[in-house]
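> 3D model of this:
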Amino acid sequence: MQKQERSSDVCVDPVCLMSVSPKSRDIKCTYRKKTYHFCAERCKKEFESDPEKFLSPKPHKKKGLWGRYLERLEKVTCDRSMTCH
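As a prediction, the model looks like this:
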């Protein structure tokens, strides 16, 4: 019988969002006193070049036809007024 990993033993690579077991990989980086684990050196290097790009929350993407319409409307409105976030 195979031993199951607990969810606390699995981390998520902030670059590619792949599940990574910290025990099986030793590719890690510490940023702002927090350790992040990576699936490969390439992801680690990309993270180190601009950590905030991967740690800042991404805006929620609206779904469906109505959502796409609202996103386009918001973009056009923001482009014209230049006062949007």
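
> hang on, Pro22 packs against Tyr36?
No: counting by C-beta atoms under 8 Å, Pro22 stays clear of Tyr36, with 10.0 Å between them. Yep, even glycine has a C-beta here, placed from its N, CA and C like the rest.

> In terms of neighbours, single out the busier of these two.
Shown here are Pro22 and Tyr36; by other C-beta atoms under 10 Å, Tyr36 has more neighbours (24 against 14).

> Tell me the first helix or strand C-terminal of the helix or strand hosting the more buried one.
If you go by DSSP states H and E, Tyr36 is part of strand 34-37. Counting by DSSP H and E, the element after strand 34-37 in chain order, helix or strand, is helix 41-49.

> quick one: buried residues of that next one?
Residues of helix 41-49 classed as buried under the neighbour-count rule (16 or more other C-beta atoms under 10 Å) are 43-44, 46-47.

> Nearest to Ser56 among these?
Set against Ser56, the nearest of these by C-beta to C-beta is Phe47 (12.7 Å).

> list the contacts for that closest one?
14-15, 29, 31, 36, 38, 54 (C-beta atoms under 8 Å, 6 or more residues apart in numbering).
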